[in-house]
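**Q** Provided below for reference: sequence and predicted model.
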Amino acid sequence: MRYIKLTIAYDGTDFHGWQMQSGKPTIQGEIVTILRRLTQENIAIHGAGRTDAGVHALGQVASFRTRTALSTGELQRALNALLPPTIRIAGVEETGPDFNARWSARAKTYRYRLYRGKVVPPTIWRYVLHYPFPLDENRMRQAAARFVGSHDFAAFAASTGSEDDDKERSTVREIYATELARSADDQELIFTVRGRSFLRYMVRKMVGTLLDVGRGRLLPEDVDRLYELRDRSKSGPTVPAQGLCMVSVEHEEAFRVR
């Protein structure tokens, strides 16, 4: 048995997220379909994170087991030849049996792009949220810094759809670093966050809260109050998916094949 790691980039606009869904196009579904054709095996793949509908990726990671004789280079070429052009396999590596794209992950980095200019260029409208209105960016940076550390992010997460599940799940997450910076051309405001793991809609809620701080509806120190309140209705809105991108996933080196 062989153990394979895929590094995947995709434009999530036309897909119903990462996770396979019956009758709906998904990233996982497209890749599984092609892998089963190539290997003639009932392949199952595990992703590092379940990106939602419309969310993009530059460095999503997935893993699977196979008995195929195809080399990693052959797998990459065949997958990219058969997958839609909105999904690209950026890398294929052989790993050890203990590697799992989700459970072996030690950090993930996400990025959200706000376009601040008056007119969004047609080449990037799928990847940014257009917000040309006034914002206090200094206060937003102060608020972004308050996300760093281990906190209860219940106020920044979507419900599971079940009250019982919501009560039982842990909403404590550790954020290693955040940055809110202008792009090189000064037209975008980009929020970057790196953490161990994230709750559903968490990054999009964080950005919505930063926007409320920038608009003067919240103060930077209100972030600490939101941790205590654990009330989703008190934090900022969930911003649209198209501005969000999974940039990278970090795994322990011990899981690599020597």
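**A** Okay, I see it. Just so you know, these numbers come straight off a predicted model, no measurement behind them.
**Q** any idea how the protein splits into domains?
**A** Annotated domains of the chain cover 2-103, 107-247 [automatic domain parsing].
**Q** including mean neighbour count and mean pLDDT, could the ones you listed go into CSV?
**A** For the C-beta atoms, the positions are set from N, CA and C on the backbone; glycine is no exception. Below are these laid out as CSV (neighbours: other C-beta atoms under 10 Å; pLDDT from 0 to 100):
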stretch, mean neighbour count, mean pLDDT
domain 2-103, 18, 96
domain 107-247, 17, 94
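**Q** show me where this protein has strands.
**A** Applying DSSP state E to the chain gives strands spanning 2-10, 46-47, 56-66, 87-95, 105-115, 129-130, 149-152, 172-182, 188-195, 244-251.
**Q** tabulate these (TSV), appending distance to His16.
**A** Shown next, in TSV, are these (distance: least, C-beta to C-beta, whole Å):
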stretch	distance to His16
strand 2-10	13
strand 46-47	14
strand 56-66	14
strand 87-95	14
strand 105-115	19
strand 129-130	20
strand 149-152	30
strand 172-182	25
strand 188-195	24
strand 244-251	15
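**Q** nearest residue to Pro25 in space, please, no chain neighbours.
**A** Phe15 (5.3 Å; C-beta to C-beta, 6 or more residues apart in numbering).
**Q** and Leu114, by the same measure?
**A** Nearest residue to Leu114 in three dimensions, chain neighbours excluded: Leu189, at 4.3 Å (C-beta to C-beta, 6+ apart).
**Q** cool, and Ile31?
**A** Spatial nearest neighbour of Ile31, excluding adjacent residues (C-beta to C-beta, 6+ apart): Ile45 at 6.2 Å.
**Q** ok, now which ones touch the one you found?
**A** Shown in contact with Ile45 (C-beta atoms under 8 Å, 6 or more residues apart in numbering): 6, 28, 31-32, 35, 62-64, 101.
**Q** what does Arg111 give?
**A** Listed by C-beta under 8 Å, 6+ apart, the contact partners of Arg111 are 190-193, 244-245, 247.
**Q** which of the residues you listed sits closest to Ala57?
**A** Proximity of the contacts of Arg111 to Ala57 (C-beta to C-beta) peaks at Cys245, which lies at 6.3 Å.
**Q** one step back: touching, the residue nearest to Pro25 and Thr26? I think so.
**A** Yes. If you go by C-beta atoms under 8 Å, Phe15 and Thr26 touch, sitting 5.5 Å apart.
**Q** who touches the residue nearest to Gln242 when sequence neighbours are not counted in this structure?
**A** In space, and not counting its chain neighbours, Gln242 is closest to Gly54: 5.3 Å by C-beta to C-beta, 6+ apart. Gly54 makes contact with 12-13, 15, 17, 240-242 under the criterion C-beta under 8 Å, 6+ apart.
**Q** dump these into JSON lines; add distance to Ser159 as well.
**A** As requested, the contacts of Gly54 are exported to JSON lines (distance: C-beta to C-beta, whole Å):
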{"residue": "Gly12", "distance to Ser159": "22"}
{"residue": "Thr13", "distance to Ser159": "25"}
{"residue": "Phe15", "distance to Ser159": "23"}
{"residue": "Gly17", "distance to Ser159": "17"}
{"residue": "Pro240", "distance to Ser159": "19"}
{"residue": "Ala241", "distance to Ser159": "17"}
{"residue": "Gln242", "distance to Ser159": "22"}
